[in-house]
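> compute the structure for the input listed below.
(one chain, ligands or ions: 1)
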Amino acid sequence: MYTVIGSIKSRAFRVAWMLEELGQSYDLIAAAPRSDEARKYNPSGKIPALLDGDDVLTDSVAIMQYLADKHGALTAPAGTPARARQDAMLFWLIDEFDAILWAAAKHSFVWPKEMRMPEIKDSLKAEFTRSATTLAERLEGPFLMGDEITVPDLLAVHCINWSIGAGFPRVDDRLGTWAADLRKRDAFKAVQARDPA
Ligand SMILES: N[C@@H](CCC(=O)N[C@@H](CS)C(=O)NCC(=O)O)C(=O)O
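Have a look, this model is predicted:
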């Protein structure tokens, strides 16, 4: 049994979605970022974290990939060219999707007011739109890496959802339709059902 630390409204959603896809049961401790509860598991106060027995693992993408490797699903095997391509997609999404959204969040509510530069958000939105178009153009199969769902699909859809919540412009229609289809998965809906809001 796993325990996910972090509110489902945060990047903890990705970890829970991965566990649902893998058919693994888990408890959820809905700790807020920087709360005392979060700091019990990660001194930085960042969420999510995952408890796997006595091990405390941090960083949503590292956790998702760990779970995929451990359970042998939603990933190409390590040490294969297919895995290198999957990892490249994952790192691209971290750079071109997650980092842009995170920068917008820092300048909206994460950082203290005196450090925020709200005017940066227009260029972040434009950058995100450009990245979403690039991704839409790469979309060929039912999933980002082809015929099978893999870790990058979960990361991309979570970021697209995040962009909607953050008031970013709609992504390219091809990408929007693709993300909507992934949101229909039972595993995705099971995580949503955990969100009391
Ligand atoms: N790269 C990390 C980022 C973790 C992160 O920044 N989480 C946010 C909530 S989604 C947080 O805890 N922010 C509090 C802070 O940065 O102080 C991951 O993917 O888990």
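> quick one: the residue nearest to residue 158 when sequence neighbours are not counted from the ligand, how far?
Nearest non-adjacent residue to residue 158, counting by C-beta to C-beta, 6 or more residues apart in numbering: residue 14, 4.8 Å away. Backbone N, C-alpha and C define where each C-beta goes, glycine included. Per C-beta to the nearest ligand atom, to the nearest Å, residue 14 is found 8 Å from the ligand.
> show me what the strand or helix carrying residue 14 is packed against.
Using DSSP states H and E, residue 14 sits in helix 12-21. For helix 12-21, the elements it packs on are strand 2-5, strand 26-29, helix 60-71, helix 151-165, helix 186-192, judged by 3 or more C-beta pairs under 8 Å, 6 or more residues apart in numbering; DSSP states H and E.
> kindly reformat these as CSV containing mean pLDDT, distance to residue 92 and mean neighbour count.
As requested, the helices and strands packed on helix 12-21 are exported to CSV (pLDDT from 0 to 100; distance: least, C-beta to C-beta, whole Å; neighbours: other C-beta atoms under 10 Å):
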stretch, mean pLDDT, distance to residue 92, mean neighbour count
strand 2-5, 98, 25, 22
strand 26-29, 97, 28, 16
helix 60-71, 98, 12, 20
helix 151-165, 98, 8, 23
helix 186-192, 97, 22, 15
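> just tell me which of the ones you listed ends up closest to the ligand.
With C-beta to the nearest ligand atom, the closest approach to the ligand among these belongs to helix 60-71: 3.5 Å.
> what's next to the helix or strand immediately after the closest one in the chain, contact-wise?
Going down the chain from helix 60-71, the next helix or strand is helix 81-93, by DSSP H and E. Here helix 81-93 makes contact (C-beta atoms under 8 Å, 6 or more residues apart in numbering) with 61, 65, 75-77, 144-145, 150-152, 155-156, 159.
> let's see 6 Å
Taking contacts as C-beta atoms under 6 Å, 6 or more residues apart in numbering, the residues outside helix 81-93 that touch it are 76, 144-145, 150, 152, 155-156.
> ok, and for that helix, which residues are buried?
Under the neighbour-count criterion of 16 or more other C-beta atoms under 10 Å, helix 81-93 has 83, 86-87, 89-90, 92-93 buried.
> can you check stretch 15-31 too?
15-22, 26, 28-31.
> distance between the ends of it?
End-to-end distance of stretch 15-31 (C-alpha to C-alpha, to the nearest Å): 14 Å.
> which residues sit against that stretch?
Stretch 15-31 is contacted by residues 1-7, 37-38, 47-48, 50, 60, 63-64, 67, 71, 73-74, 154, 187-188, 190-191 when judged by C-beta under 6 Å, 6+ apart.
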